[in-house]
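Chemist: just need the structure, nothing else, for what follows:
(2 chains)
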Amino acid sequence: MTAEQYLAARLRQALAEDPRTTELGVRVTVRGDHVLLSGDVASPGRRAELEAVIHDVAPELTVLDDVKVVPSDAPVGREELR
Amino acid sequence: MIRIAAVGDVHLGEDARGRMRPALDQLGEQADVLLLAGDLTRHGTVAEARVVADEFGGLAVPVVAVLGNHDHHDERSDEVIAVLRDGGITVLEGETATVGVDGHTLGVAGVKGFGGGFAGKCGSAFGEQEMKAFIRHTTEIADSLRAALDGLDTDVKVALTHYAPVPDTLRGEPPEIYPFLGSYLLGEAIDSTGTHLAVHGHAHFGVEHGMTPGGVRVRNVAQPVIRSAYTVYCVEPAVVEV
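Modeler: Prediction:
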């Protein structure tokens, strides 16, 4: 468990600081041989970059990728502040 | 009625060019102004700023922005600001912008903001130089936000920041990192200046709705929170009481 926490912290730091990703908005959860990524990125290519950085730091882990590309459609409705 | 569109944390780069434009091309039918709440780029490079200027340039409504921490990463914020301004975007850091809408005026005061934490759970300008510099950066920015809001004499006043002025809109983020996500000093500036609405970004896992201790509505418009190209808040100047 302790080792998993340190590994998750290293992976999070890599995603934040590696120029390929610089993502602070992606959650990293390590369970045994698996790492779960979740959150949102701005383009489809960035999901692949996340996996590449994770693989460089911890090639032994299987990546479960729940990351989504953030929707960029016009909003439905609006909020009236009264 | 003043219709305020807002979005933050769009994190544009060449790979995301054009993704938002179809929605933005319709913006004039939905809103009177667009506020950008920082983290417009991924790394704060001049090339990414050009993508932002192209994406948000030439819209049917005025665009008013602040920078976020990502926009400072490449340490070229002056050049980033120049590119955005060349693209017709008004960039605020301690300044204000005023927009006229149907005979009423909307004033926007903008700063990046910074961390430090929230009342009772925050850092102090004490001890190591690094700690004092951290808190002083927040204090200086909050002071400039207060001065900018104070200087506005408009029907509606909006505070635009990247960092959060309240913890309400951070719910969903780990509480341990709240001191890196915002500062109560921003909220205090908002509460002391007759401000009607505060808009921020930065907290991707937070929630949209919050309120300052003084009862001012706060909206987290980080794109992963609002899950659209922008969101629209309508304010009726005549019915707003301060």
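
Chemist: alpha carbons only for contacts and neighbour counts from here, please
Modeler: Will do.

Chemist: find me the pLDDT at the residue of chain B found nearest chain A, would you?
Modeler: Chain A sits closest to B:A229 of chain B, with a gap of 4.2 Å, by Cα to the nearest Cα. Note on B:A229: pLDDT of 98.

Chemist: quick test: name the residue nearest the centre of chain A.
Modeler: Centroid-nearest residue in chain A, with Cα atoms, centre = their mean: A:V26, separated by 3.3 Å.

Chemist: OK, contacts around it?
Modeler: Listed by Cα atoms under 8 Å, 6 or more residues apart in numbering or on different chains, the contact partners of A:V26 are A:12, A:15, A:37-40, A:67.

Chemist: how close does it get to B:F205?
Modeler: 9 Å (Cα to Cα, to the nearest Å).

Chemist: okay, and the common contacts of these two?
Modeler: A:G39.

Chemist: surely A:A42 meets B:A16?
Modeler: Yes: A:A42 is within contact range of B:A16, at 6.5 Å (criterion: Cα atoms under 8 Å).

Chemist: which one's more surrounded, these two?
Modeler: Using other Cα atoms under 10 Å in any protein chain shown, the more surrounded residue of A:A42 and B:A16 is A:A42, with 24 against 20.

Chemist: how about the backbone phi and psi for that one?
Modeler: Backbone geometry at A:A42, expressed as degrees, to the nearest 10, gives phi -90, psi -10.

Chemist: over to the one 5 residues further on?
Modeler: With angles defined as degrees, to the nearest 10, A:R47 sits at phi -60, psi -40.

Chemist: that one: what's it in contact with?
Modeler: Here A:R47 is in contact with A:41, A:67-68 (criterion: Cα under 8 Å, 6+ apart).

Chemist: hmm, try it at 10 Å
Modeler: Contacts for A:R47 (Cα atoms under 10 Å, 6 or more residues apart in numbering or on different chains) come out as A:21, A:37, A:40-41, A:65-69.

Chemist: read off the pLDDT value for it.
Modeler: 91.

Chemist: what are the boundaries of the strands in chain A?
Modeler: For chain A, the strands defined by DSSP state E cover A:26-31, A:34-41, A:62-65, A:68-69, A:79-81.

Chemist: excluding its backbone neighbours, what's nearest the closest residue to chain B within chain A?
Modeler: Closest contact between chain A and chain B, by Cα to the nearest Cα, is at A:S72 (4.2 Å). Distances taken as Cα to Cα, 6 or more residues apart in numbering or on different chains place B:A229 nearest to A:S72, at 4.2 Å, with adjacent residues excluded.

Chemist: could you give the number of residues near the one you found?
Modeler: There are 25 residues near B:A229, going by other Cα under 10 Å.

Chemist: got the contact list for stretch A:5-20?
Modeler: Residues outside stretch A:5-20 that contact it (Cα under 10 Å, 6+ apart): A:1-4, A:21-31, A:35-37, A:46, A:49-58, B:42-43.

Chemist: can we see that at 6 Å?
Modeler: By Cα atoms under 6 Å, 6 or more residues apart in numbering or on different chains, the residues outside stretch A:5-20 that reach it are A:21-24, A:30.

Chemist: need those residues in JSON lines with distance to B:Q26 and pLDDT, can you?
Modeler: Formatted as JSON lines, the contacts of stretch A:5-20 follow (distance: Cα to Cα, whole Å; pLDDT from 0 to 100):
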{"residue": "A:T21", "distance to B:Q26": "31", "pLDDT": "93"}
{"residue": "A:T22", "distance to B:Q26": "31", "pLDDT": "92"}
{"residue": "A:E23", "distance to B:Q26": "30", "pLDDT": "92"}
{"residue": "A:L24", "distance to B:Q26": "31", "pLDDT": "91"}
{"residue": "A:V30", "distance to B:Q26": "42", "pLDDT": "95"}
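
Chemist: neighbour-wise, which one of those leads?
Modeler: So for the contacts of stretch A:5-20 (other Cα under 10 Å), the most neighbours sit at A:E23, 24 neighbours.

Chemist: what about B:S228, which SS state?
Modeler: At B:S228 the chain is in coil, as set by DSSP: H, G, I helix; E, B strand; the rest coil.

Chemist: so what's it up against?
Modeler: Taking Cα under 6 Å, 6+ apart, we find B:S228 in contact with A:71-75.

Chemist: I appreciate the help and will end here.
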